[in-house]
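J.: Please find the sequence and the predicted model below.
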Amino acid sequence: MLAGAMLLLGSSGCGTAHLVAPPGREVYIMQADTPAAVRVERTVWFWCWGAKPISDNTTREDIEKYNLREVRIDVYQKWYEMLMNPITSLVSIQRRTLIVEGNR
Amino acid sequence: MTLRRLRQPLLRTAAAFLACSAAGCFHVKIEAPPFPEHVRLLPPDAPVQVVRKYQTYYYAWGLFPMTQSDQAMYIIAQERLVEARVVQGGLTEGIIAGFLGAIALNGFILPQNLTVEGNRTPTLPTAEAPAPTAP
C-alpha cells in the first residue's frame, strides 16, 4: 500500500528544463519549421523527485559550447524512461531527455 | 482462502501496471511563433514584465496534447513578447499527476507545467556573439 502510494506520487516527478540564454549573448528562440544545423540530445538527471537537478537542465552551456545564435528545445521521456522513472523514483532519482536544436 | 491466495499476484500485477503507466512519454516543445519578428532569448536573471504560469495537459500517457493552443509558442504570440524565456516542469505537475493517478487511470492524463516570462518591448542591449571557437 505504502509502496503503491510512493510510486503514484513519486513517479511523475517534477524535473524542470530551462530555455534561457547565457548572460551577454544575443540568442533568439528558433521557429518550429526552421532547419537546425546543431542537434544535441542529452539526459538530464534529477534527485528529490525532480526538485534538484544533478546534471545541467538549462540551455546555457549548449548555446556557449556550440556558439548558437538561435535555439529551441524539446523535453520528453523516452519509452524506457517511462518504465525506469517509477523504479528509480523509489530512491528519488528521475531522468528526462532534453533535445537542444539550433543554428550558429 | 482463494482470495488470500490471489491477493499477492493481484497486488504484484497492480504494482507493475502502476509502475508502467505512472509516467508518460510527453513531448514539450518550446519554439518561437511563426512570425517574421524574432523573439530574443532572455538570460535567467533578466527582469521581465510578463509572467504566465500554467499547466498544459496530455492524454494517453503523454502521447497527445489535449490542446495545441497552450504551447509556449502560442503564449509568446498571444502576449506579443519580443523577449522571452521558458521553464518547463515544476512541483505542481507532480502533485496534479499523483492526484489524477489516484482518481483515474494512472498516467492517462499528464500535466506539464510551463512558465513563459518575457517583455513586450526590447530591454536587452544588442550584443555581438563571441567568435566561434575551434572544435
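T.: That came through fine.
J.: so where's chain A uncertain?
T.: Applying pLDDT under 70 to chain A flags the ranges A:1-13.
J.: Now the residue nearest to the spatial centre of it. Its backbone dihedrals?
T.: The centroid of chain A falls nearest to A:Leu98 when counting by Cα atoms, centre = their mean (3.8 Å). The phi/psi pair for A:Leu98 (degrees, to the nearest 10) reads phi -120, psi 130.
J.: Relative to the whole chain's centre, how far out is stretch A:38-55?
T.: Remark: stretch A:38-55 is offset 5 Å from the chain centroid, using Cα atoms, centre = their mean, to the nearest Å.
J.: Alpha carbons of it, as PDB, please.
T.: Taking Å, rounded to 0.1, in the frame of the first residue of the first chain, the C-alpha atoms of stretch A:38-55 are listed here in PDB:
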ATOM      1  CA  VAL A  38      23.100  21.500 -34.500                       C
ATOM      2  CA  ARG A  39      21.200  18.900 -32.500                       C
ATOM      3  CA  VAL A  40      22.200  17.800 -29.000                       C
ATOM      4  CA  GLU A  41      20.300  15.100 -27.300                       C
ATOM      5  CA  ARG A  42      21.200  14.500 -23.600                       C
ATOM      6  CA  THR A  43      19.800  13.100 -20.500                       C
ATOM      7  CA  VAL A  44      19.000  15.300 -17.500                       C
ATOM      8  CA  TRP A  45      19.100  13.600 -14.100                       C
ATOM      9  CA  PHE A  46      17.300  14.900 -11.100                       C
ATOM     10  CA  TRP A  47      17.000  13.800  -7.500                       C
ATOM     11  CA  CYS A  48      14.400  14.700  -4.800                       C
ATOM     12  CA  TRP A  49      11.800  13.600  -7.400                       C
ATOM     13  CA  GLY A  50      12.900  16.200  -9.800                       C
ATOM     14  CA  ALA A  51      13.300  19.100  -7.400                       C
ATOM     15  CA  LYS A  52      17.100  19.200  -7.700                       C
ATOM     16  CA  PRO A  53      19.000  18.800 -11.000                       C
ATOM     17  CA  ILE A  54      22.100  16.500 -10.900                       C
ATOM     18  CA  SER A  55      23.100  17.400 -14.500                       C
END
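J.: Any buried residues in that stretch, and which?
T.: Residues of stretch A:38-55 classed as buried: A:Val38, A:Val40, A:Val44, A:Trp45, A:Phe46, A:Trp47, A:Trp49, A:Gly50, A:Ala51, A:Pro53 (neighbour count, 16 or more other Cβ atoms under 10 Å in any protein chain shown). (Each C-beta comes from the backbone N, C-alpha and C, glycine too.)
J.: How many residues are close by B:Arg52?
T.: B:Arg52 has 18 neighbouring residues, counting by other Cβ atoms under 10 Å in any protein chain shown.
J.: Checking it next. Helix, strand or coil?
T.: Following DSSP: H, G, I helix; E, B strand; the rest coil, we place B:Arg52 in the strand state.
J.: Would you mind listing the residues in contact with it?
T.: With contact set as Cβ atoms under 8 Å, 6 or more residues apart in numbering or on different chains, B:Arg52 has these partners: B:Ile75, B:Glu79, B:Leu114, B:Thr115, B:Val116, B:Glu117.
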